[in-house]
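[1] sequence unknown, structure follows:
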Ligand SMILES: NC(=O)C1=CN([C@@H]2O[C@H](COP(=O)(O)OP(=O)(O)OC[C@H]3O[C@@H](n4cnc5c(N)ncnc54)[C@H](O)[C@@H]3O)[C@@H](O)[C@H]2O)C=CC1
Ligand SMILES: O=CCc1c[nH]c2ccccc12
């Protein structure tokens, strides 16, 4: 499997495995001092081959990412940096400039609306998307997209006949949320919107002991691969890009090795994971917003 994905709507190729700085590294506070552990972890990730970093206005990790980028030798144009807007949704342009300033870079490769559940009294989706398009047009961001959008939100956005369609939809994707995500995945595929998965190890990390574990363990033995690699391979069959994280070099290397062409899962393996995943619905993030009282 190629290490990068090129979409007509993306000016630059996006590395299929991204390094996440939310979740494990989340502080939620952009005024916090630099997190030396995160800087070190990003250096380790870059040293083993990661080139795609995932940030967001709400993570509070920008200054640490900025420090990590400044203090290593990979040129900016070899890195793919994503960020997302949510808190300052009413002024997306300023939010982007602020993110760039904290990250200490002059453009983003991908800029996402973090969630469709922003306060629509502050700004409409139409106005928000126009601001996204303006940033694309003036070169501050190389591509624009969305995150946590369900089919109805994408329909709402595409019905506006935007000048620029979203290149990516970043969504939670692991076996326990796949069944509930089939519709939005299908919709993205038919509209050339790349699926970028977050929490790809969700079944293992957030819901251990569930029905997927046994199937994944069996496949891990069958292929002499780690459970994380089985889940990432499954993930890249369902979507296009996956964002994961760790501070451990061995795990980071293990995740990247999933792109090894010699490692494949067959249709039967994929179905076994699908079937086990369908026995349980579980979502770790944006649960109330997306699932409500379901
Ligand atoms: N757009 C959005 O709303 C969201 C985006 N994200 C992005 O996705 C990134 C990845 O999300 P995660 O849920 O952290 O992804 P993930 O499902 O890959 O889990 C990574 C976690 O698993 C742990 N881990 C990895 N291998 C392990 C093993 N073998 N045994 C035990 N623990 C292990 C790591 O230490 C890390 O804490 C975030 O950092 C963020 O950048 C995450 C959540 C929401
Ligand atoms: O990008 C999302 C990361 C995240 C970390 N903590 C929370 C809490 C609620 C929603 C999303 C997140």
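    Sure, I can see it. If you're wondering where the values come from, they're calculated on a predicted model, not measured in any experiment. Ligands and ions are numbered 1, 2, ... in the order given.

[2] residue 102: which element?
    Here residue 102 sits within helix 92-103, counting by DSSP states H and E.

[3] and stretch 156-168, how far out from the chain's middle?
    19 Å (CA atoms, centre = their mean, to the nearest Å).

[4] for the residue of the chain found nearest ligand 1, phi and psi?
    Using CB to the nearest ligand atom, the single residue of the chain nearest to ligand 1 is residue 20, 2.3 Å away. From N, CA and C alone the C-beta is placed, and that goes for glycine too. Note on residue 20: backbone dihedrals following degrees, to the nearest 10 are phi -90, psi 140.

[5] burial measure for it, as a count.
    Around residue 20 sit 25 other residues, with neighbours defined as other CB atoms under 10 Å.

[6] buried residues in the helix or strand encompassing residue 256?
    According to DSSP H and E, residue 256 maps onto helix 249-256. Within helix 249-256, the residues that qualify as buried by neighbour count (16 or more other CB atoms under 10 Å) are 251, 252, 253, 254, 255, 256.

[7] and the residues you listed as JSON lines, adding pLDDT and distance to residue 91?
    Output for the buried residues of helix 249-256, formatted as JSON lines (pLDDT from 0 to 100; distance: CB to CB, whole Å):
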{"residue": "251", "pLDDT": "98", "distance to residue 91": "38"}
{"residue": "252", "pLDDT": "98", "distance to residue 91": "36"}
{"residue": "253", "pLDDT": "98", "distance to residue 91": "41"}
{"residue": "254", "pLDDT": "98", "distance to residue 91": "41"}
{"residue": "255", "pLDDT": "98", "distance to residue 91": "36"}
{"residue": "256", "pLDDT": "98", "distance to residue 91": "37"}
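
[8] which parts of the protein are helices?
    For the chain, applying DSSP state H gives helices covering 36-48, 62-70, 92-103, 125-137, 151-159, 175-190, 202-205, 211-223, 227-238, 249-256, 267-277, 287-291.

[9] make TSV out of the ones you listed and add distance to residue 85.
    Formatted as TSV, those follow (distance: least, CB to CB, whole Å):
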stretch	distance to residue 85
helix 36-48	21
helix 62-70	12
helix 92-103	4
helix 125-137	8
helix 151-159	15
helix 175-190	20
helix 202-205	24
helix 211-223	33
helix 227-238	25
helix 249-256	27
helix 267-277	31
helix 287-291	16
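
[10] tell me how far the residue of the stretch 151-294 of the chain found nearest ligand 2 lies from residue 7.
    Nearest to ligand 2 in the stretch 151-294 of the chain, going by CB to the nearest ligand atom, is residue 285, at a distance of 4.4 Å. Using CB to CB, to the nearest Å, one gets 24 Å for the distance from residue 285 to residue 7.

[11] can you get me a residue count around residue 206?
    Close neighbours of residue 206, defined as other CB under 10 Å, add up to 17.

[12] nearest spatial neighbour of it, skipping sequence neighbours?
    residue 284 (4.6 Å; CB to CB, 6 or more residues apart in numbering).

[13] which one of the buried residues of helix 249-256 sits closest to residue 62?
    Nearest to residue 62 among these, counting by CB to CB, is residue 252 at 20.9 Å.

[14] list the contacts for the closest one?
    19, 44, 45, 48, 50, 246 (CB atoms under 8 Å, 6 or more residues apart in numbering).

[15] which of the residues you listed has the most neighbours?
    The most crowded member of the contacts of residue 252, judged by other CB under 10 Å, is residue 45 (27 neighbours).

[16] which pLDDT value goes with the residue lying closest to it once chain neighbours are set aside?
    Nearest residue to residue 45 in three dimensions, chain neighbours excluded: residue 19, at 4.6 Å (CB to CB, 6+ apart). For residue 19, the pLDDT comes out at 98.

[17] residue 270 now?
    For residue 270, the pLDDT comes out at 98.
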